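[1] My questions concern the predicted model and sequence given below.
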Amino acid sequence: MADLAAQLGMPLGTFRNKKPHAQEGHPSPISSRTSRALLWDSEQTSAFHAGKPVPALPDTNDDEDLLDRHEAAAEVGVSPSSWNKYKSDPLLSEHVVMVPPGDEGTEHWPRGIVRQFKASRPGRGAGGGRRKGSGDMVPRDLTLPRIAELLDENPAITLTEVADILGIAKFPTAQAGLAQVRGRRIADLIEIEPELTPLQAAERLGYPTVTHRGAAVVAEAELRARRERPYLQQVTDALAKAGVAEQSEIEVRKLAGEHLAAAVALSEGQGAPALVWDERYGWRTATSRRHPIGKETGSAPEGEGIRYLGSSLKPEPAELLEALADNRKGSKTPKV
């Protein structure tokens, strides 16, 4: 969008307000519809603004096509959240392409590489991974994607089967992983059909009755996290734009007491290593970059280096930035 604004000699803020890209006949974005970062084909937009015929895009799938995470997930047949785990696989991480180039670009992968990765997925069919008894331990960051693949093949797969195929412990690894993936998929279905209860969605997805309760608990927490995520991502993006935080996708966690929390790593020189949002207390500074949220104690964290920011649980990004920049603002205990 910044490039489109520059192409028209228009400040980005003015471009966002006037929305010239929404006028009739303007080329559609070439990024996936659900992508946060919209991308356009430069040849198409240049032709449109020059009053020339807009060239057509290729209508065939080529191995060199670059796919964003939504498109790559669709190519493999998994959810975008699952793809976030997959992408750390060396086959994918070594071929990631930033579009446009640079730190502000969006991650893309060549279609051919994504297809190669899909062909190497574990499972019981041709090209699958290790079978029962192989003892080949799956790296922790790939456990959930592998479990998701097994659920694709068999929604009623058992704890024992998952542990044997992936070479992981039944308790708690396989048990917790199955509940988490099933819970997320229940949440996906409820977002499409809001009239469903978590238990009805679990039955619709073909999950064994004995697993319904645990998966439903995960689903309810996941739905709550998804409702909070847009606000938290808005704040994260604003902090990154202001240069006080790293650009990242926010991760919402459920604490031991069923409460939600999220953390944003701050840039060097900001006076605190990270910010933490807790749905009970709002935003606060953290004393650790590696473990900013810390252990759940049932009460609001206090002490040296902890400062609560904002006048509400969900202050506007501008208010949060102002409080972060001024050490006189904020309080040692939550105001709400």
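    The structure has been received and is ready for your questions.
[2] Downstream of the helix or strand hosting residue 227, the next helix or strand is which one?
    With secondary structure defined by DSSP states H and E, residue 227 is part of helix 212-241. Along the chain past helix 212-241, the next helix or strand (assigned with DSSP H and E) turns out to be strand 252-254.
[3] For the helix holding residue 227, buried residues please.
    212, 214-216, 218-226, 228-229, 231-233, 235-240 (16 or more other Cβ atoms under 10 Å). For glycine as for every other residue, the C-beta is placed from the backbone atoms N, C-alpha and C.
[4] Centre of the chain to that helix, how far?
    Averaged C-alpha coordinates place helix 212-241 at 9 Å from its chain's average position (Cα atoms, centre = their mean, to the nearest Å).
[5] Start the count at 44 instead of 1 going forward.
    Taking 44 as the first residue, the last one we looked at is helix 255-284.
[6] tell me the average confidence for it?
    For helix 255-284, the mean per-residue pLDDT is 93.
[7] From the contact counts, what lies against it?
    Packing contacts for helix 255-284, counted by 3 or more Cβ pairs under 8 Å, 6 or more residues apart in numbering; DSSP states H and E, involve helix 218-235, helix 241-247, strand 295-297, strand 303-308, strand 317-321, helix 360-368.
[8] Could you list the residues in contact with the next helix or strand after the fifth one?
    It stands for strand 317-321. Sequence order places strand 325-329 as the next helix or strand after strand 317-321, per DSSP H and E. Defining contact as Cβ atoms under 8 Å, 6 or more residues apart in numbering, one finds that strand 325-329 is touched by 306, 314-321, 335-337, 344, 348-353, 355-358, 363, 367, 373, 377-379.
[9] One more: stretch 61-78?
    Residues outside stretch 61-78 that contact it (Cβ under 8 Å, 6+ apart): 44, 47, 51, 53, 58, 80-84, 87-88, 91, 97, 100, 111-114, 117, 123, 149.
[10] and with 6 Å instead?
    47, 81-84, 87-88, 91, 97, 111, 113-114 (Cβ atoms under 6 Å, 6 or more residues apart in numbering).
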